[in-house]
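Make a model of this:
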Amino acid sequence: MTIALGRYGIWQPAASTTPDQAREIERLGFPTLWAAGAPADLAGVDELLEATSTLVVGTSIVNIWRGDPGVAAAAYHRVSERFPGRFWLGVGAGHREHTPEFRKPLAAMNAYLDALDAGGVPVEGRAIAALGPKMLALTAARAGGAVPYLVPPAHTKLAREALGPAAVLAPEMKVVLDANPVRARDTARPRIANPTLGLVNYTANLRRLSFTDDDLSGGGSDRLIDALVAHGAAATVAARLAEHHAAGADHVAIQVITPRHATHPDLPGVQLQVHDYEVVDVYRTLAAELL
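Now for the predicted structure:
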């Protein structure tokens with residue numbers, strides 16, 4: 001099974017992504033839409049695929065603690081059989097801070113993959129949100145690729161070395177389209193600070209990449225923000241995104257940040273992107289530069 005992700009795709013929260021938005025993303029030329037936080041039953045994914053003709057939809061990610069893997073396996077077959085070659089199941093181990101039942105993530109992911117195997121989900125049809133060396137090694141053995149979140153190109157280089165040449169590597173990177181670096185960092189910093197700098201799996205990974213306690217405090221140092229967010233004019237953003245490809249990525253999932261946000265319905269204090277004309281304008285500008 002071959003799924004053509006293309007070089008760049010768009011990352012959006014699944015709960016706030018509409019079929020109209022999916023059509024517009026496809027119309028602009030982006031080949032892939034990442035439905036973030038999709039439920040195990042993949043509710044809503046069918047509608048996004050029905051609304052489009054060639055768009056690939058991936059989940060980045062289905063949280064393994066929220067829903068039975070048997071449900072996810074059945075949903076995978078439902079979607080992939082209706083839309084062959086246009087769906088990729090991305091799963092992840094979530095965060096101990098948000099998950100009361102959280103236990104050793106590597107063992108939990110292995111058990112979840114065992115259930116996907118039992119449900120007939122092919123290895124090449126699934127990806128893992130792998131950050132650390134052990135989860136990357138598991139991904140190389142038991143998945144078709146990795147969909148790491150909140151990673152700079154330095155992580156992509158390490159991930160490619162760990163995965164080998166065959167696995168698909170599709171990191172996420174945030175974008176602020178603003179040529180004023182101070183203002184761009186001010187726009188990005190709240191999205192980096194909350195919730196990600198409060199989640200130990202992300203901070204541990206950033207420490208492995210030589211970021212310090214000073215970098216991780218106060219909402220994130222300028223050095224940290226610059227590493228995690230491509231900001232500037234469109235050409236500058238394109239050059240920063242291309243660093244992931246130079247480091248070994250096959251595809252980059254772009255998460256656009258603008259000054260407008262809304263509160264997450266399930267996580268008080270966590271902010272989500274508001275999908276309005278401003279975001280679509282950024283997509284349009286990026287499409288002209290990247291595609």
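
Show the residue spans covered by the helices in the stretch 51-200 of the chain.
69-82, 105-118, 133-142, 153-163, 181-193, 200-208 (DSSP state H, counting those that start in this stretch).

With just CA atoms, put the third one into CSV.
The C-alpha coordinates for helix 133-142 follow below in CSV (Å, rounded to 0.1, in the frame of the first residue of the first chain):
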residue,chain,number,x,y,z
PRO,A,133,14.9,6.4,21.1
LYS,A,134,12.9,3.5,22.4
MET,A,135,9.6,4.6,20.7
LEU,A,136,11.5,5.3,17.5
ALA,A,137,13.0,1.8,17.6
LEU,A,138,9.5,0.4,18.2
THR,A,139,8.2,2.4,15.2
ALA,A,140,11.0,1.1,13.0
ALA,A,141,9.9,-2.5,13.9
ARG,A,142,6.1,-2.2,14.0
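
Could you check how far the closest residue in space to residue 179 that isn't next to it in sequence is from residue 286?
In this structure, residue 179 finds its nearest non-sequential neighbour in residue 233, 4.6 Å apart by CB to CB, 6 or more residues apart in numbering. (C-beta placed from N, C-alpha, C; glycine too.) Distance of residue 233 to residue 286, computed by CB to CB, to the nearest Å: 11 Å.

For these two, work out which one has more neighbours and name it.
residue 286 (24 against 14; other CB atoms under 10 Å).

quick one: the more buried one and residue 50, what's the gap?
As judged by CB to CB, residue 286 and residue 50 stand 25 Å apart.

in the stretch 1-150 of the chain, which spans are strands?
For the stretch 1-150 of the chain, the strands defined by DSSP state E, counting those that start in this stretch occupy 8-13, 32-36, 56-59, 62-63, 87-92, 126-128, 145-146.

helices or strands up against the fifth one?
Meaning strand 87-92. For strand 87-92, the elements it packs on are strand 56-59, strand 62-63, helix 69-82, helix 105-118, strand 126-128, judged by 3 or more CB pairs under 8 Å, 6 or more residues apart in numbering; DSSP states H and E.

Next, the contact list for the closest residue to residue 152 other than its chain neighbours, please.
In this structure, residue 152 finds its nearest non-sequential neighbour in residue 227, 4.1 Å apart by CB to CB, 6+ apart. When the contact criterion is CB atoms under 8 Å, 6 or more residues apart in numbering, the partners of residue 227 are 152, 154, 211.

pLDDT at residue 227, what is it?
pLDDT recorded at residue 227 is 98.

Which element, helix or strand, includes it?
helix 222-228 (DSSP states H and E).

so where's this structure uncertain?
1, 95-102, 260-277 (pLDDT under 70).

got the contact list for residue 48?
Here residue 48 is in contact with 17, 19, 22, 33, 35, 55, 57 (criterion: CB under 8 Å, 6+ apart).

That one and residue 134: what is the separation?
Residue 48 is 33 Å from residue 134, by CB to CB.

before we move on, what about residue 166?
19 Å.

Those two: which is more packed in?
residue 134 (13 against 9).

Now for the residue nearest to the more buried one when sequence neighbours are not counted: which residues touch it?
Excluding its sequence neighbours, the residue lying closest to residue 134 (CB to CB, 6+ apart) is residue 106, at 5.4 Å. By CB under 8 Å, 6+ apart, the contact list for residue 106 reads 93, 134, 135, 138.

Same check on residue 19?
Contact analysis of residue 19 by CB under 8 Å, 6+ apart lists 47, 48, 50, 51, 52.

which of those lies closest to residue 242?
residue 52 (26.1 Å; CB to CB).

if I read this right, that closest one contacts residue 21, doesn't it?
No - applying CB atoms under 8 Å as the test, residue 52 and residue 21 come out as separate, 10.3 Å apart.

Quick one, which of the helices and strands packed on strand 87-92 gets closest to residue 40.
Closest among these, using CB to CB: helix 69-82, at 4.4 Å.

Run through the neighbouring helices and strands of that closest one.
With 3+ CB pairs under 8 Å, 6+ apart as the test, helix 69-82 has helix 45-50, strand 87-92, helix 105-118 packed against it.
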